[in-house]
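Student: Okay, sequence plus prediction incoming.
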Amino acid sequence: MSTDTTGTPTGDVAPVVPVAGKADLLAPERRSWRGVWLRALSLLSLVVVWFIASLFLSPNVLPGPVTVVATMIDNLGESETYVDLGTTVYRVVAGMLVAVGAGLVIGLVMGLSKFGEEFLDSWVLVAFTVPSVVYGILAILWFGLNDIAAIVAIGVTATPAVAINMWQGVKAIDLSLIRMGRAFHFSRASILRKLVVPQVIPFLLAALRYALGLAWKIATVVELIGLSSGVGYQLGYWFGLFNMTQVLAWTILFTIVLLLIEFVILKPTEYWLTRWRPSMHN
């Protein structure tokens, strides 16, 4: 670098890397209408494709969306529909509670203890690879044709997913923040509440979403192969009558329930739990 006659440095100067300021960091928006419209457009595109495909296929193969929706509305006029929906939701929620409780404990043990990780990782990975229908069959053989069989099958199927996410979440904790908290004489409770839990919550939410999808699948499978109530039972009943319209109507109905759980419960909960995270301007 050269200097002028007064000794002031001249010439090329390394560019200064801009940093994000307060104007660039915003709290996550509660509602994104652009996202709402994009989701609606995506759903509408699917319905249009479905409608066009139904014009070229027999109603026994693929009935049109108007027919299926009309059948679903007729089903909603019957009290038995709500009984079956409520039964399946009860089994899913109860199984999820079992999976979250067991998965949290196993994941924390594996993440915090080297011995626990080496002792349990093989078991968790093996349990994760076993097909969910196997758990359903075993649960029915062990506990009979009742709610307990469905709840146990759901809990055992979803537990490995929760455990693996929590395991990785604990291992991904930024230890430098923990050391900083100790340097500032944070109490153990403060370190846990302010530094550890916020870093683990995203992994827990991801585990809940994945486990919820698994829970719905195994619930319908267990109901289909062995129980006499629930959405899975209805799917099996109408499948036996080769009624594709009813099969699609029940499929769409419990899909709507699943989406309601996602957008009415999980999304607002995620926003509230992660409201501290800033988002950058595009």
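Tutor: Perfect, thanks for sending it. Numbers count the residues shown, from 1 in each chain.
Student: Please count neighbours and contacts with C-alpha atoms only from this point.
Tutor: OK.
Student: how about the helices in this protein?
Tutor: In the chain, the helices defined using DSSP state H lie at 33-56, 65-76, 79-112, 114-129, 132-143, 147-171, 175-183, 188-190, 197-226, 231-240, 244-260, 267-273.
Student: Quick check: mean pLDDT of the fourth one?
Tutor: I take that to be helix 114-129. The predicted model assigns helix 114-129 a mean pLDDT of 82.
Student: same deal with the fifth one?
Tutor: The predicted model gives helix 132-143 an average pLDDT of 86.
Student: buried stuff in that helix?
Tutor: Residues 132-133, 135-137, 139-140 are the ones in helix 132-143 that count as buried (16 or more other CA atoms under 10 Å).
Student: How about the second one?
Tutor: Across helix 65-76, burial judged by 16+ other CA under 10 Å covers 65, 68-69, 71-72, 75.
Student: nearest to residue 197, of those residues?
Tutor: Taking CA to CA as the measure, residue 72 is the one of these closest to residue 197, at 42.4 Å.
Student: related to what we said a few turns ago, farthest pair in the buried residues of helix 65-76?
Tutor: Pairwise over the buried residues of helix 65-76, using CA to CA, the maximum falls at 65 and 75, 15.1 Å.
Student: can you put the buried residues of helix 65-76 in CSV and add distance to residue 209 and pLDDT?
Tutor: CSV is the format used below for the buried residues of helix 65-76 (distance: CA to CA, whole Å; pLDDT from 0 to 100):
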residue, distance to residue 209, pLDDT
65, 28, 86
68, 27, 88
69, 27, 89
71, 29, 89
72, 26, 89
75, 28, 88
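Student: ok, of the residues you listed, which one's closest to residue 112?
Tutor: For the buried residues of helix 65-76, the nearest to residue 112 is residue 72 (48.6 Å; CA to CA).
Student: okay, now the closest residue to that closest one other than its chain neighbours: neighbour count?
Tutor: Setting aside the residues directly before and after it, residue 72 is nearest to residue 249 in space (CA to CA, 6 or more residues apart in numbering), at 4.9 Å. For residue 249, the neighbour count with other CA atoms under 10 Å is 22.
Student: Make residue 1 into 57 and carry on from there
Tutor: Got it, the first residue is 57 from now on, which makes the last one we talked about residue 305.
Student: What's the separation between residue 305 and residue 126?
Tutor: Note on residue 305: its distance to residue 126, by CA to CA, to the nearest Å, is 9 Å.
Student: which one among the buried residues of helix 188-199 gets closest to residue 321?
Tutor: residue 188 (25.5 Å).
Student: tell me, what residue is most central in the chain?
Tutor: residue 265 (0.9 Å; CA atoms, centre = their mean).
Student: separation between it and residue 176?
Tutor: Taking CA to CA, one finds residue 265 at 23 Å from residue 176.
Student: What of residue 277?
Tutor: 28 Å.
Student: Look at the two and report which has more neighbours.
Tutor: A side-by-side neighbour count of residue 277 and residue 176, using other CA under 10 Å, places residue 277 first with 23 against 15.
Student: Please verify my assumption that residue 118 contacts residue 299.
Tutor: No - using CA atoms under 8 Å, residue 118 is not in contact with residue 299; the gap is 10.3 Å.
Student: Pull the contacting residues for residue 180.
Tutor: 216, 219-220 (CA atoms under 8 Å, 6 or more residues apart in numbering).
Student: What lies in contact with stretch 155-174?
Tutor: By CA under 8 Å, 6+ apart, stretch 155-174 touches 176-177, 210-227, 264, 267.
Student: Got phi/psi on residue 202?
Tutor: phi -150, psi 180 (degrees, to the nearest 10).
Student: Now do the contacts for it.
Tutor: 196, 283.
Student: From residue 293, how far out is it?
Tutor: Distance from residue 202 to residue 293, by CA to CA: 18 Å.
Student: what does residue 186 give?
Tutor: 27 Å.
Student: higher neighbour count, those two?
Tutor: residue 293 (16 against 11).
Student: Model confidence at the more buried one, what's the number?
Tutor: 88.
Student: repeat for residue 130
Tutor: So residue 130 comes in at 90 (pLDDT).
Student: Tell me how far it lies from residue 123.
Tutor: 11 Å.
Student: Double-check the residue nearest to residue 128 against residue 121; I have them as touching.
Tutor: No - look at residue 305 against residue 121 with CA under 8 Å: they stay out of range, at 9.3 Å.
Student: ok, and what's touching stretch 250-260?
Tutor: 218, 221-222, 224-226, 229, 233-234, 237, 329-330.
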